[in-house]
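below: sequence and its predicted model.
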Amino acid sequence: MDDDSLWEDLRSGDEAAFRRLFERHSRAVYNVAFRHSASWATAEEATQLCFAGVWRRATAGTLSQVNPGAVRAWLCAVGRNEARNLVRSAGRRLRLVERIEAQPSRTAADNVGQWLAHEESMRRINHVLDRLPDAQRQVVELVAWGGCTMAEVGEALGVPVGTVKSRLARARATLATTEVAHLLGEEN
């Protein structure tokens with residue numbers, strides 16, 4: 001079944017449709033959430049919140065319709081918003097990360113150091129992306145990290161494809177003058 005048909009089945013509380021959509025799109029939602037939050041833990045939580053909210057609304061009969069062809073982009077946008085909300089309240093988590101970094105070195109089997117390095121890299125990228133207006137940043141995240149087509153992004157954001165293309169072009173022009181072009185190549 002295509003996403004649009006699954007979405008319609010999900011709107012009536014179909015658990016199998018929910019499972020299929022989760023299997024198809026949870027990785028894209030996770031990727032967008034990670035790249036927005038620069039935190040593996042936050043990305044996992046944002047993905048869970050996204051799909052839990054979808055399921056809760058589906059079982060309550062309040063899940064909204066999505067424009068044809070925009071299911072993945074819609075889910076990625078919801079995941080991004082969940083990550084954004086989590087980042088706003090992440091002070092305690094950041095203090096914990098700093099305490100972990102200050103602890104003595106760990107064994108080779110422990111991957112905490114690698115996670116922290118990825119998170120630090122994403123924090124640097126996000127610092128550069130903060131220079132973009134939110135509308136441009138959202139397009140960059142959905143296209144580059146969510147794997148959404150420009151048409152899907154346009155549908156999810158409720159703007160024409162031409163607007164998506166121009167936002168992406170302006171964002172690329174801004175980012176080309178910064179270090180993020182190099183960082184994005186390493187993280188993709």
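Yes, it's here. Numbers count the residues shown, from 1 in each chain.

and for the closest residue to V139 other than its chain neighbours, the neighbour number?
The shortest distance from V139 to any non-neighbouring residue, by Cβ to Cβ, 6 or more residues apart in numbering, is to R167 (4.4 Å). Any C-beta I mention is one placed from the backbone N, CA and C, and that applies to glycine too. The number of residues packed near R167 is 23, by other Cβ atoms under 10 Å.

counting by contacts, list what the helix or strand in which R167 is found packs against.
According to DSSP states H and E, R167 maps onto helix 161-176. Helix 161-176 is packed against helix 134-140, helix 150-157, with contacts defined by 3 or more Cβ pairs under 8 Å, 6 or more residues apart in numbering; DSSP states H and E.

from R170, how far off is E15?
Counting by Cβ to Cβ, to the nearest Å, the gap from E15 to R170 is 42 Å.

ok, now H127?
Computed as Cβ to Cβ, the H127 to R170 distance reads 19 Å.

again with E101
Applying Cβ to Cβ to E101 and R170 gives a distance of 36 Å.

tell me which of those two has more neighbours.
A side-by-side neighbour count of E101 and R170, using other Cβ under 10 Å, places R170 first with 15 against 11.

and the pLDDT for the residue most central in space within the chain?
In the chain, the residue lying closest to the centroid (Cα atoms, centre = their mean) is V32, at 2.0 Å. In this model, V32 is scored at 95, pLDDT.
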